[in-house]
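Novice: Next input, structure requested:
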Amino acid sequence: ADKLLYGVHQRFWMQPNVLLFLWVGLGYSTLFSALSALCYALVYSVHRMTSKAPINSETKSNVYWVVNSISIAVAIFLVYSQCVTWFDRMDHSKAYHFNNYASAVLDVL
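Specialist: Down below sits the predicted model:
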């Protein structure tokens, strides 16, 4: 029932989130790497059907650049949407819990 011990205990709840976000990041990277390879294969097959000229290496780097730019934009949007969704609930700018607790402890002295 001690609120201070409960507050210390709450700090350990973040550790599983670190593992979760690590796996989400690895999955996100793998997903967009596969998407990049798929887009390049699609561009390559369309190029072979429409042109007899060999495909140059710049085309591959352009496809990877576009897919990487899209993946960065999606990641930024996901972070932004989380901030917009939860900012009101997580705003602790008016929270004086620690200050009030310390004042209560020091007032006794």
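Novice: next SSE after the helix ranked longest in the chain?
Specialist: Of all segments of type helix in the chain, defined using DSSP state H, the longest is helix 15-50. Using DSSP states H and E, the helix or strand that follows helix 15-50 towards the C-terminus is helix 57-90.
Novice: Show the average pLDDT along that following helix.
Specialist: For helix 57-90, mean pLDDT rounds to 91.
Novice: And S93, which helix or strand is it part of?
Specialist: Assigned by DSSP H and E, S93 falls within no helix or strand.
Novice: I'd like to know how far it sits from F87.
Specialist: S93 sits 11 Å away from F87, going by CB to CB, to the nearest Å. Glycine gets a C-beta too; all of them are placed from N, C-alpha and C.
Novice: re earlier: helices or strands next to the longest helix of the chain in the packing?
Specialist: For helix 15-50, the elements it packs on are helix 57-90, judged by 3 or more CB pairs under 8 Å, 6 or more residues apart in numbering; DSSP states H and E.
Novice: now the angle from the helix it packs on to helix 15-50?
Specialist: Relative orientation of helix 57-90 and helix 15-50, computed by axes from the mean of the first three to the mean of the last three CA atoms, to 10 degrees: 150 degrees.
Novice: May I see the buried residues of helix 57-90?
Specialist: 63-64, 67, 71 (16 or more other CB atoms under 10 Å).
Novice: again with stretch 91-102
Specialist: Within stretch 91-102, not a single residue qualifies as buried, counting by 16+ other CB under 10 Å.
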